[in-house]
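*Asks:* next input, structure requested:
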Amino acid sequence: MAGPVFGRARPPEEDGPRVTHLDRDRSLVDAARRDPAEFDALYRRYLAQVYSYAYYELGDHHEAEDVTERTFLAALANLDRFEERARPADGDDASTFRVWLFRIARNVVANQRRTQRRRPVAPIEAAAHVADGVDVEAGAATRDEAADAWRAVARLPADRRRAIVLRFVEEMSTAEIAGVLGKSEGAVRVLIHRALRTVARDLDRGGRR
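*Replies:* Got it, this is the predicted structure:
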């Protein structure tokens, strides 16, 4: 096996795109690699996000808890395989660890569905019960509208539904969603655009009944 070459450095364009270490979770990941007990900081940072993603996908609290637990166990077990790939264009708040973690969550959710004999319950409807306000009648109307919207989201094809949940529930950037779904940013924008048009049409038809 040939050893490393120490000759003339190649120009950057010959090396391909450079990886710039900007990941906001870099110090936490490094600490967890040195001492697994330090993984708790990453767990606490992303616990609520992973759980809400799992719940919106599966619509069941117990299954979401199970998926969340298995996601973090898999992340801890495979932490040495994580590669930081943040780019300058991603900005100061970039976290490729977050994208990697959500890829794991997506795979765990898929495995959970494969083991289910029943169809998953339509997700997200419970979110409609979170509205709080002084005007009870207005609050009820808001909850009904939210429930209708989330039911429309639940009927979307899987990739469109995931893109909507990651964008508007998890508040991920287009680049992060592309990383989670394994698609280009352009494809993600198309997914979100088409999903929103479908939901709007659904709600419009419902309002005219």
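*Asks:* so for the longest helix seen in the chain, what gets flagged as buried?
*Replies:* For the chain, the longest helix by residue count, based on DSSP state H, is helix 185-207. For helix 185-207, burial by neighbour count (16 or more other C-beta atoms under 10 Å) applies to 187, 188, 189, 191, 192, 195, 196, 198, 199, 202. From N, CA and C alone the C-beta is placed, and that goes for glycine too.
*Asks:* now stretch 163-180
*Replies:* Those would be 163-167, 169-170, 172-180, for stretch 163-180 by 16+ other C-beta under 10 Å.
*Asks:* who's in contact with that stretch?
*Replies:* For stretch 163-180, contacts defined as C-beta atoms under 8 Å, 6 or more residues apart in numbering pick out 49, 52-53, 56-57, 89-90, 95-96, 98-100, 102-103, 106, 124, 153, 156, 162, 181, 184-185, 187-189, 191-192, 195-196, 199.
*Asks:* can you say which of those residues are buried?
*Replies:* So, of the contacts of stretch 163-180, 49, 52-53, 56-57, 90, 95-96, 98-100, 102-103, 106, 124, 153, 156, 162, 181, 187-189, 191-192, 195-196, 199 end up buried under the neighbour-count rule (16+ other C-beta under 10 Å).
*Asks:* circling back: could you list every helix and strand in contact with the longest helix of the chain?
*Replies:* Applying 3 or more C-beta pairs under 8 Å, 6 or more residues apart in numbering; DSSP states H and E, we find helix 185-207 packed against helix 136-154, helix 158-168, helix 174-181.
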